[in-house]
Each structure stands twice: as C-alpha cells, then as structure tokens.
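Undergrad: Got a predicted structure plus its sequence, pasted below:
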Amino acid sequence: MAVILDGRVYADMALDAVAEKVAALKKRGITPGLAVILVGDDPASQTYVRSKGKACDRVGIYSRTMIMAGDTTQAELEKQIAQLNRDEKIHGILLQLPLPPHLDEQHALSCISPEKDVDGFHALNAGRLMLSLEGVQPCTPKGILFMLKQAGVPIEGAHAVVVGRSNIVGKPAAMLLLRENATVTLCHSKTPDLKAQTLQADILVAAVGKPRLITADMVKPGAAVIDVGINRVNGRLVGDVDFENVSGVAGYISPVPGGVGLMTVAMLMDNVVSLAETSLA
Ligand code: NDP
C-alpha cells in the first residue's frame with residue numbers, strides 16, 4: 001500500500017512556518033496583506049475564496065475580498081486592480097479564476113503589478129521561472145514540490161511525467177521539477193499513448209480535470225503519484241487518479257480531497273509573506 005501524502009500534515013507544517021514569518025514582520029511594523037478579487041457568483045470559486053480568508057486569519061495575514069458583479073466590465077476590473085496595485089496595505093493580489101467568459105483573463109492578470117503577483121501568473125514571473133531566476137512561483141506546483149521534498153521522495157535523477165500543460169499547473173510544475181534535476185515529460189490531450197508515458201514515471205503528476213483518468217495499469221510500481229485534479233462526481237470530490245486501485249501500486253499517493261488543494265492555499269500564504277518581505281528590501 002502506498003504512503004498517503006496527507007495534505008493536512010504538510011500544509012500545517014508550511015502554515016506554522018508562515019505564521020512565524022508573519023510574527024517577525026509584524027515586529028518590524030508590517031502586516032502582510034492579501035486582496036482577493038472575485039468576479040461573479042461561481043459557488044466553487046466562493047468556497048476557494050473563503051478557504052483563503054480562513055488561512056489568512058490563521059497565520060495573521062490581513063485579507064480583503066473584493067466581490068464584483070458577474071457583469072463587471074474589463075475596464076472596471078482593471079481599475080480595481082490598479083487601485084490595489086497602489087494600496088500600501090496590500091502585498092499580494094489574487095484574481096480568482098475562472099473569470100466570466102466575457103472578460104479577458106490574460107489581460108487582467110497582466111495588469112497586476114509583478115511585485116504583487118501572488119499567484120506568479122504574470123508573464124514576467126512566468127518568464128523568471130522559465131529562466132530559473134528568483135521570483136514568485138505558482139502556488140499549486142510549489143505545493144507539489146513542498147510535499148515531495150517533505151516526504152523524502154527523490155527528485156534529482158527521477159523521471160517525472162506531468163499530465164496537463166496549463167499555465168497555472170502543468171507547465172510550472174514541469175519547470176519546477178526540471179529545476180530540481182528531474183527528467184521531465186509533459187503530456188497533454190494530443191499525446192498519442194498516455195499509458196506508455198505514465199508507466200515511465202517515478203513521479204507522476206496528474207493535472208487534467210478528468211475523473212479517474214489515471215488507472216492502476218498506467219502506474220509504475222513504487223511511483224509517487226500526485227493528484228491535482230478536482231472533479232465533482234455525483235456530489236463527491238474526486239481527483240484525476242483512481243485512488244482505490246492506484247494506491248495498491250504506487251509508493252506514494254496524494255488523496256483528493258485532503259491533498260494538493262490544501263498545499264495550494266498554504267503556498268499562497270507563503271507567497272504573500274515573501275512579497276511583503278520583498279517590499280521591505
Ligand atoms: P486545464 O483545463 O487548464 O488543463 C488541462 C490539461 O489537461 C490540458 O493541458 C489538456 O491538454 C490536458 N488534457 C485534457 N484531457 C487529457 C487527456 N485525456 N490526456 C492527457 N491530457 C489531457 O486545467 P488546470 O490545469 O487548470 O486544472 C487541472 C485540474 O486541476 C482541474 O481538475 C482543476 O480543478 C484542478 N486544479 C486543482 C488545484 C488544486 O489546488 N488542487 C489548483 C488548480 C487546478 P491540452 O492542453 O492539449 O488541451
């Protein structure tokens with residue numbers, strides 16, 4: 001049976017460290033601040049925003065949620081971002097995605113000051129990641145690396161296969177693994193024989209959004225399997241990995257819920273603190 005990578009344990013560890021950093025900053029007169037912009041009334045987004053607010057309360061970060069109507073225009077959204085860029089109480093700005101379809105996500109993200117880009121989605125920070133320079137790292141991939149390292153999974157020299165190439169999870173996860181000297185294969189919907197690729201993986205990251213896409217016959221015995229997917233099936237949350245069967249083959253596996261999702265929020269808190277620290281430099 002695989003070792004379960006329990007997100008609660010690793011997220012607690014990360015949040016305790018963040019709380020200490022917040023306390024140190026407060027002693028220097030700085031309270032790290034996060035602003036979350038939520039456009040529309042998507043229930044899943046509302047849940048995510050609430051969990052981020054709770055995490056801020058836990059570690060002592062000041063948080064503000066800006067709720068904007070579903071018919072907000074691009075100009076109104078970008079004006080709100082510009083205001084937050086100038087707000088000295090705010091060190092990190094998070095635009096909750098997805099936006100309603102009439103809004104241009106990439107353009108809105110490009111309006112967030114790179115110094116307050118807490119998700120690391122601005123082209124400048126994405127470029128810094130690509131060039132292996134210091135900068136804000138996207139929260140979910142950063143959380144995956146945190147989990148793997150804390151669990152003692154060897155990354156250097158491992159073959160990591162990432163399924164999914166989105167800008168927010170797949171691509172940055174591949175870059176971070178590469179930076180840690182894994183040999184990385186990045187798969188997507190046009191990959192002809194997915195199983196042939198996943199069977200090579202010492203570390204398998206599934207970030208697709210398809211319930212139980214990764215089955216036990218696609219996993220190399222002993223592999224570390226990280227399930228990023230969040231899918232709702234008959235009112236229940238499931239990942240992209242067939243947890244019941246894959247846990248009999250894998251060496252490590254992260255569950256859904258209770259895995260990567262908790263790490264994402266913990267790394268968000270860490271990024272707010274890093275941005276607040278950088279603002280002092
Ligand atoms: P996207 O929809 O942006 O990307 C999905 C990726 O999966 C695409 O690259 C797509 O390929 C690829 N894909 C689709 N079908 C297949 C297939 N059959 N075989 C191989 N690859 C396939 O999703 P996100 O990256 O934003 O999110 C992925 C999942 O992770 C979702 O379930 C999301 O809810 C979840 N998520 C979880 C987070 C957490 O904190 N736990 C945070 C963010 C996301 P192509 O590019 O060719 O279309």
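TA: Looks like it arrived, so ask away.
Undergrad: What residues does the protein have near the ligand?
TA: Residues of the chain found near the ligand (CB under 6 Å from any ligand atom) are 140, 163-166, 168-170, 187-191, 194, 207-210, 213, 228-231, 260-261, 264. In short, each C-beta sits where N, CA and C put it, glycine included.
Undergrad: Out of those, which sit inside strands?
TA: Val163, Cys187, Asn231 (DSSP state E).
Undergrad: Return the residues in contact with the residue in the stretch 1-150 of the chain that the ligand sits nearest to.
TA: Nearest to the ligand in the stretch 1-150 of the chain, going by CB to the nearest ligand atom, is Thr140, at a distance of 4.3 Å. Residues in contact with Thr140 (CB atoms under 8 Å, 6 or more residues apart in numbering) are Ile168, Val169, Ala173, Ala207, Val228, Val260, Met263, Thr264, Met267.
Undergrad: Tell me which residues touch the fifth one, please.
TA: With contact taken as CB under 8 Å, 6+ apart, Val228 is in contact with Thr140, Ile144, Gly164, Val169, Ala173, Val205, Ala206, Ala207, Gly239, Asp240, Val260.
Undergrad: same check, this time on the second one
TA: Listed by CB under 8 Å, 6+ apart, the contact partners of Val169 are Pro138, Thr140, Pro141, Ala207, Val228.
Undergrad: Skipping adjacent residues, who's closest to it in space?
TA: Counting by CB to CB, 6 or more residues apart in numbering, Ala207 is the residue found nearest to Val169 once chain neighbours are left out, at 4.1 Å.
Undergrad: Report how many residues lie close to the one you found.
TA: Using other CB atoms under 10 Å, Ala207 has 26 other residues around it.
Undergrad: Find me the pLDDT at it, would you?
TA: Looking at Ala207, its pLDDT reads 98.
Undergrad: That one is in contact with Asn167, isn't it?
TA: No. Here Ala207 does not reach Asn167: they are 11.3 Å apart, not a contact under CB atoms under 8 Å.
Undergrad: center of the protein - which residue?
TA: Residue closest to the average C-alpha location in the chain (CA atoms, centre = their mean): Thr140, at 1.7 Å.
Undergrad: From Asp240, how far off is the closest residue to Asn231 other than its chain neighbours?
TA: Once flanking residues are discounted, Asn231 sits nearest to Pro211: 4.3 Å by CB to CB, 6+ apart. Distance of Pro211 to Asp240, computed by CB to CB, to the nearest Å: 7 Å.
Undergrad: list residues touching both of the two?
TA: With CB under 8 Å, 6+ apart, Pro211 and Asp240 have common neighbours Gly229, Asn231.
Undergrad: who's more crowded, the two?
TA: Between Pro211 and Asp240, Asp240 has the larger neighbour count (other CB under 10 Å), namely 25 against 18.
Undergrad: is it true that that one touches Gly229?
TA: Yes. Using CB under 8 Å, Asp240 is in contact with Gly229, at 3.1 Å.
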